[in-house]
Every structure is written in structure tokens, then in C-alpha cells.
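> Quick one: sequence and predicted model below, then my questions.
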Amino acid sequence: MIKIKAKKKFGQNFLKDESVLFKIIESMPNNDNHLVEIGPGLGDLTKKLVKCKDVTAYEVDRDLYAILQAEFIRDIDNGRLKIILVDVLERWSNVSSLYSDKYDLIANLPYYIATNIILKALDDENCENIIVMVQREVANKFVASSGDKDFSSLGVITKLVSKKAEIVLKVPPESFSPPPKVESAIIYIKKDLNKSIDENFKKFLKICFSQPRKKLIKNLSSNFDKTLLEKIFNKLELVDTIRPHELEPSLYSLLYKGINNGREHTASTDKC
Ligand code: SAM
């Protein structure tokens with residue numbers, strides 16, 4: 001067995017529980033998609049993934065990369081596995097997709113960047129399914145529905161671009177070595193590849209949830225005209241006491257459109 005000191009700065013908590021590894025594999029959809037793994041670590045999950053399909057794995061740690069190259073020499077030689085030594089977020093800032101064809105992202109993610117990785121995967125037009133281990137609190141946010149106390153901009157985005165988002169399994173710290181300080185969970189997001197979200201809508205959501213427990217209209221009025229907001233709230237039959245976590249994702253889209261149309265209209269009348 002390989003002995004290596006886990007590096008905190010890379011969020012290294014190696015998954016050692018065979019039943020959890022098995023659950024990840026069992027949850028994978030039956031399709032022809034390629035597999036992408038982020039952070040193969042010591043290769044426990046990778047070993048199981050290459051038995052199912054061809055895999056591309058992204059690892060940032062040079063020491064682990066060297067170990068993996070030796071451990072998986074046969075899979076690498078026969079083209080079953082490709083390991084890329086890179087910071088995956090850096091790679092994603094230079095390319096629109098982590099793979100040239102449809103793929104599923106299967107990973108035990110480094111928690112310090114898990115939210116950003118999932119947001120990137122939701123934007124990546126080739127990524128169809130996301131099955132990842134994350135911190136339990138983060139998992140709750142991605143699968144939350146309107147009305148839940150955990151419902152945030154992450155939940156709105158996920159609901160608008162996916163067909164389903166659910167927790168597959170809650171995982172205790174003892175399943176890892178070293179054990180993380182927090183509880184974990186595996187989430188499964190099945191994306192709707194016909195849907196996408198633009199960056200301006202994400203900025204709009206940031207404003208909506210700037211003070212999550214305050215009234216939505218109050219958060220919005222820091223950026224938009226109060227009269228315009230009242231008009232749109234009336235049109236959408238929204239009470240002005242509604243809080244950000246109470247609004248349905250589809251209504252966020254309508255609110256965004258209404259505000260943009262209203263501002264364009266005001267700008268064009270101003271010009272006359
Ligand atoms: N997959 C292994 C397992 O399940 O035991 C390791 C998971 S460990 C939680 C996270 C892995 O992500 C580590 O191998 C770590 O080095 C890697 N990692 C951390 N930051 C990364 C980054 N920016 N890009 C790519 N890999 C990264």
C-alpha cells in the first residue's frame with residue numbers, strides 16, 4: 001500500500017470506504033459518455049472507473065501524478081486512461097470544456113474549490129452528468145428547492161439547467177483518510193443540455209441573495225429603480241414581503257427578464 005502524507009492545501013482526504021466507492025460506481029448512468037475525474041489522488045476511484053470506461057483525470061499534485069503514472073502504466077499505455085497534471089480551474093479558464101465530447105464528471109472533489117468546480121461543470125456544454133462527493137453543506141445548497149432554508153443562487157442555477165439534482169448518499173468523516181472535519185455527501189446532477197445560464201443572470205442572482213434573510217425587493221432596490229421593481233412584482237403577482245429563498249427558479253428568470261425589459265424601455269423613452 002502506498003504511504004503518502006496528505007496535503008491540506010490540495011484538500012486531500014482519500015476515500016477508503018469500499019462501500020462508498022461502490023455506491024459512486026453504482027450511481028453512474030448507463031450511457032456512452034466519456035468519464036472525467038478531477039483529483040484522482042491515490043487512484044482508488046480511478047481504478048474502478050477505468051474498469052467501466054475510458055477516463056481523463058486532472059490532478060494538480062506533482063507527487064501524486066508521479067505515483068499515478070507508475071500505478072496505471074498499463075491503462076495509460078493502452079489509452080484507457082489519460083492523466084493531466086494541471087490545476088483544473090486554471091485549465092477551465094482557458095478551454096470551454098474539459099473533454100472534446102460528451103462526458104460525465106465523477107469525482108471525490110477537493111472541498112476548498114468544490115463549489116467553483118460544480119458551477120464550471122454546470123456551464124460546460126459537454127458535461128452531462130455530475131456525480132461528486134462534496135462537503136454536506138455544499139451538497140444541500142446544490143439540491144435545495146425554493147422554500148428550503150438552504151435555497152440560494154446555487155439552487156436556482158442548478159434547477160434551471162438540470163433535469164434532476166439529488167443527494168445519493170451521506171458520508172461520515174471516517175470513510176476518508178485522513179478524515180475531514182466535516183460531513184460529506186455524494187450528489188448527482190443530471191443536466192439538461194438544452195439549457196444554459198448567462199453570466200449577467202448569475203450577477204443578478206448575487207444581488208437577489210446579497211442579504212439572504214432580507215426581503216427580495218430590498219436586496220434588488222440597492223441596484224434597480226424601486227418603481228420599476230414594484231411594477232414587475234405586481235405583474236408577476238409577487239408579494240413584496242417575499243424572501244430570496246422563497247421564490248421559484250422560473251420566477252427568477254421572469255423577474256430578470258422583466259427588469260431588463262423595463263430598464264431598456266426606460267432608456268429608450270429617456271432618449272426621445
Ligand atoms: N479521488 C481521490 C480519492 O477519492 O481518494 C482523492 C480525492 S481528494 C478529496 C482531492 C484530490 O483533488 C487530491 O488528489 C488533490 O490533489 C486534487 N486537487 C486539489 N486541487 C486540485 C486542482 N486545483 N486541480 C486538480 N486536482 C486538484
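All right, it came through fine.
> Give me the contacts around the helix or strand harbouring Ser19.
Assessed by DSSP states H and E, Ser19 sits inside helix 18-27. Helix 18-27 is contacted from outside by 15, 44-45, 48-49, 52, 106, 108, 131, 133, 168-169, 171, 175, 186, 188, using C-beta atoms under 8 Å, 6 or more residues apart in numbering. For every residue, glycine as well, the C-beta is placed using N, CA and C.
> run the last query once more with 7 Å
With C-beta atoms under 7 Å, 6 or more residues apart in numbering as the test, helix 18-27 has contacts from 15, 44-45, 48, 52, 106, 131, 168-169, 171, 175, 186, 188.
> ranking these by neighbours, who comes first?
Most neighbours among the contacts of helix 18-27, by other C-beta atoms under 10 Å: Ile106, with 26 neighbours.
> I'd like the next helix or strand past the helix holding Ser19.
That would be, after helix 18-27 and using DSSP H and E, strand 34-38.
> And the next helix or strand after that next one, what does it pack against?
Using DSSP H and E, the helix or strand that follows strand 34-38 in sequence is helix 44-52. Judged by 3 or more C-beta pairs under 7 Å, 6 or more residues apart in numbering; DSSP states H and E, helix 44-52 is in contact with strand 14-15, helix 18-27, strand 34-38, strand 55-59.
> Was I right to think Ile157 contacts Leu122?
Yes: Ile157 is in contact with Leu122 according to C-beta atoms under 7 Å; the separation is 6.3 Å.
> Show me the shaky parts of the stretch 51-200 of the chain.
Across the stretch 51-200 of the chain, nothing is flagged by pLDDT under 70.
> Now do the contacts for the nearest residue to Val168 once chain neighbours are set aside.
In space, not counting the residues next to it along the chain, Val168 is nearest to Ile186; the distance is 4.4 Å by C-beta to C-beta, 6 or more residues apart in numbering. When contacts are counted by C-beta under 7 Å, 6+ apart, Ile186 touches 23-24, 131-133, 168-169, 171.
> and the residue of the stretch 151-272 of the chain found nearest the ligand, how far is that from Leu251?
Here the residue of the stretch 151-272 of the chain nearest the ligand is Phe176; by C-beta to the nearest ligand atom that distance is 7.3 Å. Separation of Phe176 from Leu251 (C-beta to C-beta, to the nearest Å) stands at 39 Å.
> ok, which stretches of the stretch 151-272 of the chain are strands?
When assigned using DSSP state E, counting those that start in this stretch, the strands of the stretch 151-272 of the chain occupy the ranges 162-171, 176-177, 184-191.
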